[in-house]
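# Here is my input; please provide its structure:
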Amino acid sequence: MDTGFDLREHGGVDVFLRDCPTRAVLDVIAGKWTMLVLVALADGRPMRFAELRRRLDGVTPKVLTQTLRALEREGLLTRTVYPTVPPRVEYRLTRLGQEAGGLVQRITDWSQANVAVMQAAREEYDGRAARQLPGAAS
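Predicted coordinates:
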């Protein structure tokens, strides 16, 4: 499949190619919980695990742990353990994480501004689809 100009010939990457390393970055960033963690931490204030869990309504501890580990692995956040009893752990975005958080915040803002329009479009589409089903009343 020809994806157009192949940037690899010039030292770059081409996200449309299956082996492009950029796809791994997109896999991490595009996750629902990843995006929400980035927005929750975007103000620069460190948060503890329980704070994040309360902020991200519906996330399970397992999924939050996996998400935080993935973000740490990719260099988007830092995990700081304080030697207290019990240990206190805080999460904070790195500079790279702040950049990604800013991008995700703009997507979040756009989503909130356009949710009513998209819900109306969904309802219209579903209504049309229901009328086109075999056996549906015309």
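
# contacts and neighbour counts: CA atoms only from here.
OK.

# for the longest helix anywhere in the chain, the distance to its chain's centre please.
For the chain, the longest helix by residue count, based on DSSP state H, is helix 95-132. Relative to its parent chain, helix 95-132 has a centroid offset of 13 Å by Cα atoms, centre = their mean, to the nearest Å.

# helices or strands next to it in the packing?
Counting contacts by 3 or more Cα pairs under 8 Å, 6 or more residues apart in numbering; DSSP states H and E, helix 95-132 is packed against helix 32-40.

# From Arg48, how far out is Thr65?
Going from Thr65 to Arg48 by Cα to Cα, to the nearest Å gives 12 Å.

# Equivalent analysis for Thr67, please.
Counting by Cα to Cα - Thr67 and Arg48 are separated by 14 Å.

# higher neighbour count, the two?
Thr67 (19 against 14; other Cα atoms under 10 Å).

# Give me the spatial nearest neighbour of the more buried one, chain neighbours excluded.
Nearest residue to Thr67 in three dimensions, chain neighbours excluded: Thr34, at 6.0 Å (Cα to Cα, 6 or more residues apart in numbering).

# and that neighbour, how many neighbours does it have?
Thr34: 22 neighbours (other Cα under 10 Å).

# Return the residues in contact with it.
28, 67-68, 71 (Cα atoms under 8 Å, 6 or more residues apart in numbering).
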